[in-house]
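> sequence and predicted structure, then a few things I'm wondering about:
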Amino acid sequence: MRLYAIRRQEPLKWGSCLVFPAALAFSLAFCCLLLAIQGKPPLTGLASLFAGAFGSHHALQDTLLKAVPIFLCALGVAVAFRMQIWNIGAEGQYALGAVGATWAALAFPDAPRPVLIPLMLLSGGLAGGMWALIPALLKVRLRVNEIISTLMLNYIGINFLDWLVYGAWKDPASFGFPMTARFSPSALFPRLPGTRLHLGLALCALAGVAVWLWLSRTRLGYEVKAAGSGPRASVYARMDYGFLVCLVMAVCGVLAGTAGLTETVASAGRLQPSIMAGYGYTAIVVAWLARLNPLSIAVAAFLLAGLRVGVENLQLSLQVPAAFGGILEGCILLSVLAGQFVTGFRFRVERDEGRAETEGAA
Amino acid sequence: MSIELLIPLLAAAVQSGTPVLFATLGELVTERSGTLNLGVEGMLLMGAFSGFFVCILTGSPWLGFVAGGVGAMLLASLHGLVTIVFLGNQVVSGLALTILGVGLADFLGQPFIGQKVAGFSKYALPGLADLPALGPIFFRQDALVYCSYLAAPLVWFLFARTSLGLALDAAGENPKAAKAAGLSVASLRWFGLLAGAFLAGLGGAYLSLAYTQFWTSNLSAGRGWIAVALVIFAFWRPRGAVLGAYLFGGVMAFQLRLQAAGANLPSSLLLMLPYAMTILALIAANLRKGRAGAPAALGVNVEPEE
Amino acid sequence: MLRRLLDRILPPRVFEERPEPTAVFEASRPPVVRLERIVKRFGAVTANRDITLDIHAGRILALLGENGAGKSTLMSILSGRYHPDEGRILVDGEPTRFSSSRDAIRAGIGMVYQHFMLVPTMTVAQNVLLGQEGGFLLAPRAMEARVDALAQRYGLEIRASARVAELSMGERQRVEILRLLARNSRVLIFDEPTAVLTEPEAGKLFDALRRMASQEKAIVFISHKLEEVLSIADEIAILRRGAVVDRMPRTDVSSKSELAERMVGRGIALQMGREPAARGEVVLELEGLSGNGLEDLSLDVRRGEIVAVVGVAGNGQKQLVETVTGLVPPEEGVVRILGREWRDFYAQPRWEETLAYIPEDRLGLATCPELDMVDNVLLTTRQGFSRGVFLERGRAAQTTTRLVEEHNVQPARPRTQAGKLSGGNLQKLVIAREFFRRPKIIVAEQPTQGLDIAATEEVWKSLLAARQGAGILLVTGDLTEALELADRVAVMYRGRFIDVIATDDEERLASLGLLMAGVKE
């Protein structure tokens, strides 16, 4: 008996609705197994994970807030991935965005809020965008592989942030801790009364709608999609491939930079190395899970933010290391990748009646 | 710089280049067979952890060394499952592998943080160690460095002189041609992936068993990514991999020396050096004329025929 | 008239040396391979229905049929790539089942694909002996010697140590053939082998085919070119809509049109009947265009005329097209398009009433395989569907539906991905899109390569009709096409126009073959 896989003429429409939950279940089961191996109660662990993420008003707010930087980064990553530009550099662009915004906050502490916040958005977005332009230009002008260059720039960007907070920007009153001084109140995001939800959420909604409109309704968005098929067809169609590469990278950089700024301003109120929590990498997982679709990215970002918050809870309750979140994310992504096979292919089992005959004859 | 300073620096360059060399050669084998595995960073860490763990368990560093390779192979088999069997996107799967591998090594290794291990110590090769300049640089190292000296010629021999190497190249350059010649592309790619992962795992084991000899989180510090870059820099040739790995060993050793010497530069800036160098190396590689390109089918999955 | 001309330029290859196979011969020897009642379905489409076919050693069987008639599917079944849904394959009278191409190779059946299955970075010897190098360790010298010996035996001229990347298409094909011979294949299948060859190379191939047949190999020759089939085959099987509709010895066929009728199932006009069109203004001017492999090219193309550029591939046609279509700037000399200098013209390209380019590479250059037909129509017309920064997708979808209907693109669903269309339908889509732009000058590169007769006819009609509003530069390797369509033929040799001849000048046309080989008296 043999099993054959045959590519479907059109992929299963409802397939992805099935694959994602299955992948999630599989990954959670795998993680339970890991917990059990370490002698920790897996079911209690699961419960603690869910309670931490979605179990209470407070938990949901946490999750929602964490979803903000993840969503913004993932949106940017998805734009680049649409054009088959493998930008792994959201993490570094995020760092630079944080640095850019911090510069504005430290340089103009006395500016009123309506001036300072737009200024920070501008400087943070610009810093992230410029950082992303470096690998874009390297790719367009010198054919440097963007996977490598964006990754290397992540390391460089994070070290740059460290250099600033350990050096020039260190708060003299921080008792040697690497962090800047607290931002002035006018640099902080306004919050929804009675909650901790802040301006970042509105930014997400705005960015999500804008990106969706751009990609699906405008000519430039169409060009991004068409250029994703490769540089050859875009040159034939007289599109400026190099410009499009720079554009999607810059957009990704601006979005990731905004994410970095949101996190700096809203969660810490100052620049410190702990804002580098790997959102840029989680964003890749989210973008791919959502199949690069802006609306799905919102859902996936919320879910993965929930996992992160849940893992933090797990850390407290069962002393599980933070790396658990990475395992979960990697596992989900791998199983979704494998699971997408089911939507693209169908299977056929064939019994070998002729075989015995042939072999007997030969 | 005086010769007394230079020779220890070069010796240190060889030492810190060794894990990168293992990883680069491994990724080279994998990519020549047509699979892009961006999970090197994860495989290095899994190799480092499995090596460390087995060495603690058995007391034998050699068993640990081999276990490092096996641990990375186990992790890489996930990449094989996703890309070779289920035809998932190789770039994304490799990234996922790194995320997973880093997480797993961190998670499993947490109880061992700070623990020391009796790994490999330096061993001067009789005769060779007394050569002027070359001796102290190359032949007063630990046994694993000597292993790495064998690895590069071995990989070269595989591709230049064996039918297996030819078949691997065919699977990476034109899988349809390989198939038409009656070769099993899937098996070849599995071989390339796992053999490459084994080498990367050895590099990881080198980190924990010879380089640091104790366990801490994130031992590899981006070396896996540098290895991926070096494969491009080396134009997929073993000789280039050796050159690139030692070049980067040199940069890392230099940066460590500067830090140790209390140079008047913040460590964060020095830490950028290897990464910035990687980008520069890629630019330099792309500027060279008449280069051989990547395997033509690198990153392209092979669909099953009906 | 055309027929006569073509015959003068390229005398049909007739072979008299070999004795005609007789019926006795057929009866006395069992076939090497017998396909019995083969059925193959792809979803709702039946690609092969109830096909029975015998393949004999020492003979050349031509499998003739239009694209989509099921030739390639049938041969893929025979070479082990597909499994038949029904029916069986008998090798030497024994029922055999191939679960992969490896099994077929082992049974002595090998296929030379249209797209060569070679590794360009490897040497000839490595390619030929890939998978059977004879031991784990390689011995390059011995491998080259083996391949050289094999090549000599079958008269296939090749240097075993050369890298495949440096070889011409004809030489690459020889490598493919050698690979099968090295595996002791007894049945060699050729899928449209002359599609990529120049005339002299095709001649050499035919010689080699006869030589192989005389050494007891069974040859299956898949084609839709009637002349070729008539000149090479011992036996002809005609496939139509998945079924073998006719089988006959070559000797039973009296004329090409008879064969064509049997193949298509209706009388087709191979003569296009070219209506004269009024000449208009000059739309393309080349003056001393040089550099990038081109040498002093001068040519005018006016509205209402088709100028064909012919020649053996690789004599600068590609560079010429790249320059005219704006992909590569001219190094020396002047290129004027619609009265404007090259740089000026391409600084702000318009989307309509301009230059349209129908490239040889339909999938990947002219279209994006993953995108649907609407998005592919937008590829070059997007400026026409823009309102501000936005794109009028609804209007684009309507237009696509209309174009698809008008140009008879199948399937007529605009949401079908371009990559899923057959070659002919894809070309029709490209032409529909480019003509929608109401071009004033059209550069068409090998517009009918790989298309079947019906699709070729439609493309030719479209091009002739387009003359009313445009001048056409037709770059083709197919002389029939050039003479059918063009008003003038420019012969390209080593980057130069060696001669430009009006197609009503029969005397000078007679020297076309020589001119293409660079001989000018």
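The structure has been received and is ready for your questions.

> averaged pLDDT, stretch B:28-35. What do you get?
For stretch B:28-35, the mean pLDDT works out to 96.

> ok, stretch B:276-287 next?
Mean pLDDT, taken over the full extent of stretch B:276-287, equals 87.

> so what's the residue count around B:A294?
Residues within reach of B:A294, counting by other Cβ atoms under 10 Å in any protein chain shown, total 18. For every residue, glycine as well, the C-beta is placed using N, CA and C.

> OK, contacts around the closest residue to it other than its chain neighbours?
Leaving aside its chain neighbours, B:A294 sits nearest to B:W236 (6.6 Å; criterion: Cβ to Cβ, 6 or more residues apart in numbering or on different chains). Contact partners of B:W236, counting by Cβ atoms under 8 Å, 6 or more residues apart in numbering or on different chains, are B:L28, B:E31, B:R32, B:A292, B:A294, B:P295.

> just the ones of these in helices?
Among these, DSSP state H puts B:L28, B:E31, B:R32 in helices.

> my guess is the first one meets B:W156, correct?
Spelled out, it's B:L28. No: assessed by Cβ atoms under 8 Å, B:L28 is found out of contact with B:W156, at 10.1 Å.

> name the next helix or strand downstream of the lowest-mean-pLDDT helix or strand in chain B, please.
Within chain B, no helix or strand scores below helix B:134-138, which has a mean of 82 by mean pLDDT, DSSP states H and E. Helices and strands here follow DSSP states H and E; after helix B:134-138, the next one along the chain is helix B:143-161.

> hmm, who's touching that following helix?
Against helix B:143-161 from outside (Cβ under 8 Å, 6+ apart): B:14-15, B:18, B:21-22, B:25, B:28-29, B:32, B:65, B:120, B:123, B:125, B:138, B:164-166, B:168-169, B:199, B:202, B:205-206, B:209-210, B:238-239, B:241-242, C:137-138.

> try 7 Å
Residues from elsewhere that reach helix B:143-161, judged by Cβ atoms under 7 Å, 6 or more residues apart in numbering or on different chains: B:14-15, B:18, B:21-22, B:25, B:28-29, B:32, B:65, B:120, B:123, B:164-165, B:169, B:199, B:206, B:210, B:238, B:241-242, C:137-138.

> buried subset of these?
The neighbour-count criterion (16 or more other Cβ atoms under 10 Å in any protein chain shown) marks B:14-15, B:18, B:21-22, B:25, B:28-29, B:32, B:65, B:120, B:164-165, B:169, B:199, B:206, B:210, B:238, B:241-242, C:138 among those as buried.

> would you say the residue nearest to B:A294 is within a strand?
No: assigned with DSSP: H, G, I helix; E, B strand; the rest coil, B:W236 falls outside any strand and is coil.

> mind listing the helices for chain B?
Counting by DSSP H, the segments of chain B that form helices are B:3-32, B:40-58, B:61-80, B:90-109, B:134-138, B:143-161, B:163-173, B:175-180, B:185-206, B:223-233, B:238-260, B:267-287.

> with distance to C:S231 as added columns, please give those helices in a markdown table.
As requested, the helices of chain B are arranged in a markdown table below (distance: least, Cβ to Cβ, whole Å):
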| stretch | distance to C:S231 |
| --- | --- |
| helix B:3-32 | 44 |
| helix B:40-58 | 57 |
| helix B:61-80 | 50 |
| helix B:90-109 | 47 |
| helix B:134-138 | 68 |
| helix B:143-161 | 45 |
| helix B:163-173 | 35 |
| helix B:175-180 | 28 |
| helix B:185-206 | 38 |
| helix B:223-233 | 50 |
| helix B:238-260 | 51 |
| helix B:267-287 | 50 |
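
> comparing those, which yields the minimum mean pLDDT?
helix B:134-138 (a mean of 82).

> filter the buried ones among the contacts of helix B:143-161 by proximity to chain A?
Filtering those for proximity to chain A (criterion: Cβ under 7 Å from any Cβ of the partner chain) leaves nothing.

> contact partners for residue 128?
Since you didn't name a chain, this refers to chain A. With contacts taken as Cβ under 7 Å, 6+ apart, A:G128 has the following neighbours: A:Q93, A:Y94, A:L96, A:G97, A:G100, A:G253, A:V254, A:A256, A:G257, A:T258, A:G260.

> my bad, the chain I had in mind was chain C
If a contact means Cβ under 7 Å, 6+ apart, then C:V128 has C:V147, C:V175, C:L178, C:R179, C:A182 as its contacts.
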